[in-house]
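Asker: Take a look and give me a structure for this.
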Amino acid sequence: MRYLPDLPGKDAHLKMAPLHRVRDIEEMEPIPPGAVVSAVLIVLIPSAEKGHSGSLLHSSLVVIRRNSYDGVHSGQISFPGGKYEPGDRDLTETACREAGEELGIKEADVDILGFMTPLYVPPSNFVIYPVLSIAKREIRFNPDPREVCGYRIIPLAQMDPAISKKVDISVGNNISGITVYPQVPAYIIEDDYIIWGATAMIISELYQLAGREKLSITPSPSEHPPR
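Answerer: Numbering: from 1, shown residues only. You can find the predicted model right below:
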């Protein structure tokens, strides 16, 4: 599988980047050699409304809330996904396998379009490869309660970075310590459903891509992605 064409990458990521991430994104620092390789599956659900069925900007996307645990991404909103395992044939399989485990999505449920821009996440030392897909049938989501405590289907048209808010984000707990990131750009879906950080940066790129209307719903030719 190949990368999608004309990716806005850094410019889109910067629109939703927390202040403490701006410098390294602007300078495009290389991914550390010891970074954990991972992939997430972005599932777009096409609009059923007449006149909107062919527009990605009028589709919806699926995000999950992770369970609370002793880690840097506890309780956060994200796309289903996880780290590459040696048995995975490539990063597309990584994304689909994790989405199946976490949300019950089957690889046969979606058409894979291609990779979006990889993103390095320093707190967890993960490099995320976003895999963009479109649902080709109705999907019955089945969250695994061990990993996921809920999910939302959100219209992509509501994810314009220009209408995002800036909020103070607290990360951690009383045992490991709490870090507060001030005035972080975020999508506020509900009072307790705040999308920020890597997930918000990926959505920013997706919104910009969809607005250009250059994406095809035809799956990309298969090829091995980077690992």
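Asker: Now do the contacts for Ala17.
Answerer: Listed by C-beta atoms under 8 Å, 6 or more residues apart in numbering, the contact set of Ala17 reads Ile25, Pro185, Met201. Just so you know, the C-beta spots here come from the backbone N, C-alpha and C atoms, and that holds for glycine as well.
Asker: Between these, identify the one with the most neighbours.
Answerer: Per-residue neighbour counts (other C-beta atoms under 10 Å) across these peak at Met201, which has 27 neighbours.
Asker: can you tell me which helix or strand the nearest residue to that residue once chain neighbours are set aside belongs to?
Answerer: Leaving aside its chain neighbours, Met201 sits nearest to His13 (4.2 Å; criterion: C-beta to C-beta, 6 or more residues apart in numbering). Here His13 sits within helix 10-15, counting by DSSP states H and E.
Asker: Gln208 too?
Answerer: helix 197-212.
Asker: how much does the helix or strand hosting Cys149 deviate in direction from helix 197-212?
Answerer: Counting by DSSP H and E, the element that carries Cys149 is strand 148-155. Computed by axes from the mean of the first three to the mean of the last three C-alpha atoms, to 10 degrees, the angle separating strand 148-155 from helix 197-212 equals 20 degrees.
Asker: for the following helix or strand past strand 148-155, packing partners?
Answerer: Remark: after strand 148-155, the chain's next helix or strand is strand 165-173, criterion DSSP H and E. Counting contacts by 3 or more C-beta pairs under 8 Å, 6 or more residues apart in numbering; DSSP states H and E, strand 165-173 is packed against strand 177-190.
Asker: Can you name the next helix or strand after the strand it packs on?
Answerer: In N-to-C order, the element after strand 177-190 by DSSP H and E is strand 193-195.
Asker: what's the offset of that next one from the middle of its chain?
Answerer: Computed by C-alpha atoms, centre = their mean, to the nearest Å, the chain-centroid distance of strand 193-195 equals 13 Å.
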